[in-house]
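K.L.:
Compute the structure for the input listed below.
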Amino acid sequence: MLKIFTQWILVLLTTLGAAGCASLPDTDALIAHHSTQEANFETARGPVSARQNAAILASLQRKSGDLDILEKQMALEQAISDSPLVLGNKVSLLQDGAATYAAMFGAIRQARDHINLETYIIEDDATGDDFATLLLAAQARGVQVNLIYDSVGGINTPKAFFDRLTKAGIAVLEFNPINPLTAKGPWELNSRDHRKLLIVDGRSVILGGINISNVYASGSFLKRAHKPPPAGVMWRDTDLKIEGPVVAEFQKLFLQTWEKQKAPKLAAKNYFPKLTPQGNDIVRAIGSTPDDPFSLIYLTLISAIGNAEKTVHLTNAYFVPDVQLLKALKDAAARGVQVQLILPSKSDSELVFHAGRAHYAELLAGGVQIYERQGALLHAKTAVIDGVWSTVGSTNLDWRSFLDNDEVNAVVLGREFAAQMQAMHQQDLDASQRITPQAWAKRPLQFKLKEWMAQHWGRLL
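P.N.:
From the prediction side, this is the model:
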């Protein structure tokens, strides 16, 4: 009962706090302002020359055909973000928890210098214990382990779990503590760390939507149900493993978070080793925080949709769009772009689920195709556009991710990786049920009432 009461208090406080939050940016104005910028590339040795830059763009043009969206998107991202387009990376697509945890466990076992782990949720269950055992073993062999977990995401994890890690020398940081007496700066309950990052030796990073939990699921604490899925129902999620020069950009994001939280200084380790090319993938690391003037992830997604010429394929767990995202999707469909949304058929939050469904009728009328994933609880946050622009990360399509959370995504440019993303999208599509305008109009009245009530909470979700 105490935990339930605490959670409702958190909801109330967050509701009050959200009233004074910033609004989403005018995307049209920002995109127009930056549309004349040029895209620039970097390697492990730093920025390339103007001649090399032009050659890279020409090569991409030859390989990818009509590259209008890619050129525009690269230019916009270059203008609004300090994080560069980095060449020479190897990106591996990880589907669901088993593959992701296997990659994470392997990376932790191979660590020789340091492990930086940032997660929204780390639970005191079998999966959490597996991670704790591996992290303790790494610390014991001289690898410095640094852990950031979110205070709200870890609300059900006992203090003893973290004390065990701390006593062994692991540096543990509780992000924006719920208890105002333990906060080292302003008490910002509404600001949460929703990122999922594992960086090993500054050479590899694993990121995406998967938390450390037997069900590897999360949302904001307004969404968190703290209960397992129905028997036999699995969680559907996506992560990436990236090796190469861009790892340094994700490392910067982790260290910035540690510093922003006014945590004790980290042990001296080789956080930025000399990196060499590991593959041929072009990657940009994009992080967003409530401290930013606007969400870089939100703006780049809106721009990518706005520049799309053929396809916009989005898969997302929590869909509570604002007016601009709705417009971007409908405008793309109106100009002949195939816009497909794969959304959950069930959720760990009934409120968020129905708030998203409240927009179905408008989107369907605008020509957007909507599918609901069957047989699994969808938790992935991915996009692939025109077969050249892909993103995987922690960001949901809701107000909380765009305004209130620390989030992180990887943007991967090029057709080879996009083909893998498209194949994954098709697999999910094959396991989904299409929502038609005719069928949607005949949905039960009780659903319509729930949608009407839920949509008024949209800004808080």
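K.L.:
So for stretch 453-461, mean pLDDT?
P.N.:
Summarised as a single mean, pLDDT over stretch 453-461 is 63.
K.L.:
now swap in stretch 204-218 and tell me
P.N.:
The model assigns stretch 204-218 a mean pLDDT of 87.
K.L.:
which parts of the longest strand along the chain are buried?
P.N.:
Longest strand of the chain, by residue count under DSSP state E: strand 85-95. Neighbour-count burial for strand 85-95 flags 85-89, 91-95 (criterion: 16 or more other Cβ atoms under 10 Å). Bear in mind the C-beta positions are built from the backbone N, C-alpha and C, glycine included.
K.L.:
by contact count, what packs against it?
P.N.:
strand 41-43, helix 68-80, helix 96-110, strand 238-243, strand 281-288, strand 405-413, helix 415-430 (3 or more Cβ pairs under 8 Å, 6 or more residues apart in numbering; DSSP states H and E).
K.L.:
Would you mind listing where the protein has pLDDT under the threshold?
P.N.:
1-45, 48, 52-82, 216-233, 456-461 (pLDDT under 70).
K.L.:
Break it down into its domains, please.
P.N.:
21-89+281-460, 92-260 (automatic domain parsing).
K.L.:
Can I get the ones you listed in CSV including distance to Pro273?
P.N.:
Converted to CSV, these look like this (distance: least, Cβ to Cβ, whole Å):
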stretch, distance to Pro273
domain 21-89+281-460, 11
domain 92-260, 5
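K.L.:
Which among the ones you listed is found nearest to Phe272?
P.N.:
Closest to Phe272 of the domains of the chain is domain 92-260 (Cβ to Cβ; 5.7 Å).
K.L.:
what's the spacing between the closest one and its chain's center?
P.N.:
From the chain centre to the centre of domain 92-260 is a distance of 13 Å (Cα atoms, centre = their mean, to the nearest Å).
K.L.:
same check, this time on stretch 279-290
P.N.:
Put simply, stretch 279-290 sits 11 Å off its chain's centre (Cα atoms, centre = their mean).
K.L.:
now swap in stretch 417-434 and tell me
P.N.:
With Cα atoms, centre = their mean, you get 18 Å for stretch 417-434.
K.L.:
mind listing what's buried in it?
P.N.:
Quick answer for stretch 417-434 (16+ other Cβ under 10 Å): 417-418, 421-422, 424-425, 428-429, 431-432.
K.L.:
quick one on the thing from earlier: let me know the angle separating the longest strand of the chain from strand 238-243.
P.N.:
130 degrees (axes from the mean of the first three to the mean of the last three Cα atoms, to 10 degrees).
K.L.:
May I see the buried residues of stretch 417-434 organised as JSON lines, with distance to Asp348 added?
P.N.:
As requested, the buried residues of stretch 417-434 are exported to JSON lines (distance: Cβ to Cβ, whole Å):
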{"residue": "Phe417", "distance to Asp348": "30"}
{"residue": "Ala418", "distance to Asp348": "30"}
{"residue": "Met421", "distance to Asp348": "25"}
{"residue": "Gln422", "distance to Asp348": "28"}
{"residue": "Met424", "distance to Asp348": "22"}
{"residue": "His425", "distance to Asp348": "22"}
{"residue": "Asp428", "distance to Asp348": "18"}
{"residue": "Leu429", "distance to Asp348": "22"}
{"residue": "Ala431", "distance to Asp348": "19"}
{"residue": "Ser432", "distance to Asp348": "18"}
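K.L.:
Which of those residues sits closest to Ser347?
P.N.:
When these are ranked by distance to Ser347 (Cβ to Cβ), Ser432 comes first, at 14.6 Å.
K.L.:
Give me the spatial nearest neighbour of that closest one, chain neighbours excluded.
P.N.:
Tyr371 (3.7 Å; Cβ to Cβ, 6 or more residues apart in numbering).
K.L.:
Bridged to that neighbour, which residues?
P.N.:
Ile342, Arg434 (DSSP bridges).
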